[in-house]
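Visitor: Mind folding the following:
(4 chains)
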Number of protein chains: 2
Amino acid sequence: MNLTQLRHIDAIVKNAYNLSRAAETLHTTQPGVSTQLRALEDELGVMIFERKGKRIIGLTAAGESIVSMSQEILQKIRAIRAVGEEFSQEKKGTFTIATTHTQARYALPAIITRFVKRYPDVQLRIRQGHPQQISEMVIQGDADIAIATEAIASYQQLLMLPVYRWNRCLIARSGHPVLKPRKPTLDLIAQFPIVTYDFAFAGRSAMNKSFIEAGLKPNIVLTAIDSDVIKHYVELGLGIGVLAHMAYDEKRDKKLRCKDVSHLFDDSVTSIGIRRGSFLRGYMLEFVEMFAPHLSIGQISSLLTKHSPELENELMQKLTDLPLR
Amino acid sequence: MNLTQLRHIDAIVKNAYNLSRAAETLHTTQPGVSTQLRALEDELGVMIFERKGKRIIGLTAAGESIVSMSQEILQKIRAIRAVGEEFSQEKKGTFTIATTHTQARYALPAIITRFVKRYPDVQLRIRQGHPQQISEMVIQGDADIAIATEAIASYQQLLMLPVYRWNRCLIARSGHPVLKPRKPTLDLIAQFPIVTYDFAFAGRSAMNKSFIEAGLKPNIVLTAIDSDVIKHYVELGLGIGVLAHMAYDEKRDKKLRCKDVSHLFDDSVTSIGIRRGSFLRGYMLEFVEMFAPHLSIGQISSLLTKHSPELENELMQKLTDLPLR
DNA sequence: CACCGTTACGGTATCCGTAAGGATT
DNA sequence: AATCCTTACGGATACCGTAACGGTG
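Guide: Residues are numbered from 1 along each chain as shown, chains lettered A, B, ... in the order given. Predicted coordinates:
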């Protein structure tokens, strides 16, 4: 058994059980992949892949376990590499943040500016996606940390660090009747066409919850993953918008008026997600600390290396202490 | 980087930083180890071992992380091998249980008899030690499961499954004055020389606790890790004995009388300890289920593969439901 | 001087790419 | 016919053992 073989089976799975594709992504030839696979199966004494004739069509039960363990091993190999880089060139490296548009556009710029100034030789990459994609990027090792709202929680392989709470505001063109009352009600909002976040986004389900509990059915005419898109369509008069408070900018959005509606919806919590057991470079820990000042670098790294449900629970209990943005 | 290199650095650490010894346990030559080590250090760009001239004397900070990750990787490699064996020869293999004398002698025989009948081709091995040694055997991969009382809890790397509660009884030669009262008191016990478990054993500290709380200082004349040794010395009249209830056998121990003292001491809990993330063979899971019938095989394996503090907590909360032996 | 780790060298086994050959859709 | 996987073969490479060398206590 060797690491090449593990990388091979991982690639086969990730390329939909196609040896030729797997070979390409591995920068090698397809017979090589085939041979190594067979060697591994022979050594272990089990078929890893389900075959139909000569075609490979999926994983066997044994293969499921083997692949998942292999992936953990490859993950740790990456971690070892990271340790090497950390100690040999402290201020150089790459850093991939997987996040949503709203975070990238409104929550992160300030932090990233500070970060880049402090670590000019770190190549920073932001990968966008919806919360599910983001989580999977981190699990697959395609990103170092995830920043998103709530959805990260459903992955046991991710460690969640709550960062801040936020709520929504209502936006509309100035003069729109929904802006009249000092405190808009759900009833009122439900009377107008709404433009808001896509359903894949956590912020959206917190909104739906309030409407459902009130027995109302909002008229959602358009959804987007992107606050800027939402604002644009509201400007065009397509409807009223419901979006994260921080996404409204008084100076930029001069055609729009904003009204707080946090009394209508539950707070949402934005968190950082990190793959359990991974090794974060010093500058990554520092980034996390910049973004979530209530967490110390020591705490974060001990959460990553040690298994301590107590500390994790403590964090999840203290949500109300988080800053509201 | 390859697995050989990881095995090498692991062996170096486990052989007190002596390359020659490491080479022996790896069944290879010392220059080979040296070369591989250097190759790994070069590739990662960091020194893994602290050197004093040419001597290797310890780990660097980077080395600490690297070695601990390597060990996790090697652990998972073993797990993959186990998966292979599990699916190719379901009823064959080895099974190493690390446990204390008392468990091996009094709690396990019944289960092991059943197990051996069901899996005659599994080579069963029992390794004895005190709780700390036992836990480390499992962490190092030298044993598959640990069975001991409480001490396992202090290792975060181990998953703990509570199995049963137990308490102590007082033994003495028939006619001994301590046997007079129906319910002996701590005061009374403290008046006689006591033979009991070694301090390294969890059962012992629960006993000490009661004496300390009562402000008494028991006169402990002899400690042993072995119930049979304790009984023997009590038979010789060296003192009275305090030991696990299950260690007294009315038929065998005819010279001794036994008196329940569970009103004086807290219950102790015996647990199974398993290395987190390891893969247990089907027969191992079945053994655990035999020993702890309140746990299902499904529960156990999902506790091992998934990260779910909730389920773990639930188990730890339900201690009072455990059978008393 | 005994022990320990590094460097040098050469043979071998392993790996990997090319080429060709059956299977499956 | 096109795609896909396996088998066969040969060359390059990396690995490992032997031998010799420099440090350390």
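Visitor: got the contact list for the residue nearest the centre of chain A?
Guide: In chain A, the centroid-proximal residue (Cα atoms, centre = their mean) is A:Ile134; its distance is 3.3 Å. Going by Cβ atoms under 8 Å, 6 or more residues apart in numbering or on different chains, A:Ile134 touches A:98-100, A:127, A:143, A:146-148, A:151-152, A:273. Backbone N, C-alpha and C define where each C-beta goes, glycine included.
Visitor: Between all of the residues you listed, which two are at the greatest distance?
Guide: By the measure Cβ to Cβ, A:Arg127 and A:Ala151 form the most distant pair in the contacts of A:Ile134, at 15.6 Å.
Visitor: Who has more neighbours out of the two?
Guide: A:Ala151 (22 against 16; other Cβ atoms under 10 Å in any protein chain shown).
Visitor: Tell me the pLDDT of that one.
Guide: A:Ala151 carries a pLDDT value of 70.
Visitor: and the residue nearest to the centre of chain A, that one's in a helix?
Guide: Yes - according to DSSP: H, G, I helix; E, B strand; the rest coil, A:Ile134 belongs to a helix.
Visitor: how much space between it and A:Ala151?
Guide: A:Ile134 is 8 Å from A:Ala151, where distance means Cβ to Cβ, to the nearest Å.
Visitor: residues in the stretch 101-250 of chain A within reach of chain B, list them.
Guide: Within reach of chain B by Cβ under 8 Å from any Cβ of the partner chain, the stretch 101-250 of chain A has these residues: A:156-157.
Visitor: where are the low-confidence patches of chain A?
Guide: A:152 (pLDDT under 70).
Visitor: Does the lengthiest helix in it reach DNA strand D?
Guide: The single longest helix within chain A, with elements called by DSSP state H, is helix A:61-88. No - counting by Cβ under 7 Å from any atom of the strand, DNA strand D has no neighbours in helix A:61-88; the shortest distance is 13.0 Å.
Visitor: Next one: that helix, is it in contact with chain B?
Guide: Yes - interface with chain B: helix A:61-88 contributes A:61-62, A:65-66, A:68-70, A:72-73, A:76-77, A:79-81, A:83-88 (Cβ under 8 Å from any Cβ).
Visitor: Now for the residue in the stretch 151-300 of chain A that DNA strand C sits nearest to, how many residues are close by?
Guide: Residue nearest to DNA strand C within the stretch 151-300 of chain A: A:Phe279 (24.9 Å; Cβ to the nearest atom of the strand). Around A:Phe279 there are 24 other residues, counting by other Cβ under 10 Å.
Visitor: dump the residue contacts of the residue lying closest to it once chain neighbours are set aside.
Guide: Of all residues not flanking A:Phe279 in the chain, A:Ala79 sits nearest, at 3.8 Å (Cβ to Cβ, 6 or more residues apart in numbering or on different chains). Counting by Cβ under 8 Å, 6+ apart, A:Ala79 touches A:277-279, B:69.
Visitor: and if you look at A:Gln132?
Guide: Counted by Cβ under 8 Å, 6+ apart, A:Gln132 has contacts A:151, A:200.
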